[in-house]
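Asks: got a sequence here, can you model it:
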Amino acid sequence: MDTDRLFNSAVNFGLNFGVAYGVARLLRDHRTGVRAGTAMGALSAAASWILWGRYEDVPDRTETIDGVTVPIEEPSASA
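Replies: Below you'll find the model as predicted:
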């Protein structure tokens with residue numbers, strides 16, 4: 001099991017639980033805060049678990065010509 005992935009999900013759960021709990025606690029009561037915190041925490045933990053490593057394998061947009069690295073720039077969309 002990937003401990004970084006588990007740690008990231010746990011941290012996301014904790015942060016989002018705290019924010020949602022705090023907001024809901026201010027607006028309503030403790031019970032609503034716990035429910036909102038648990039829902040937001042679970043949603044964010046699941047999203048971070050699913051999306052883990054999705055963007056790490058993005059290829060580098062450079063090209064090497066005779067030992068010189070040349071950055072490749074995408075053309076801008078101008079009208």
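Asks: all contacts plus neighbour counts: C-alpha atoms, from now on.
Replies: Fine.
Asks: do you know how far the residue positioned nearest the centre of the chain is from Phe13?
Replies: By CA atoms, centre = their mean, the mean C-alpha position of the chain lies nearest to Ser48, the distance being 5.4 Å. Distance, Ser48 to Phe13, by CA to CA, to the nearest Å: 9 Å.
Asks: lowest-scoring secondary structure element of the chain by mean pLDDT?
Replies: Among the helices and strands of the chain, strand 62-65 carries the lowest confidence by mean pLDDT, DSSP states H and E, at a mean of 58.
Asks: what's stretch 41-56 in contact with?
Replies: Here stretch 41-56 makes contact (CA atoms under 8 Å, 6 or more residues apart in numbering) with 5-6, 8-10, 12-17.
Asks: can you select the buried ones from the residues you listed in ChimeraX?
Replies: Buried residues among these (16 or more other CA atoms under 10 Å), as a ChimeraX selection:
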select :5,9,10,12,13,14,15,16,17
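Asks: from the contacts of stretch 41-56, which ones fall inside helices?
Replies: Those of the contacts of stretch 41-56 mapping onto helices are 5-6, 8-10, 12-17, per DSSP state H.
Asks: how about the residues you listed in TSV, adding distance to Gly41 and pLDDT?
Replies: Output for these, formatted as TSV (distance: CA to CA, whole Å; pLDDT from 0 to 100):
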residue	distance to Gly41	pLDDT
Arg5	15	87
Leu6	14	91
Asn8	12	91
Ser9	9	93
Ala10	9	94
Asn12	7	95
Phe13	4	96
Gly14	6	96
Leu15	7	96
Asn16	5	96
Phe17	5	97
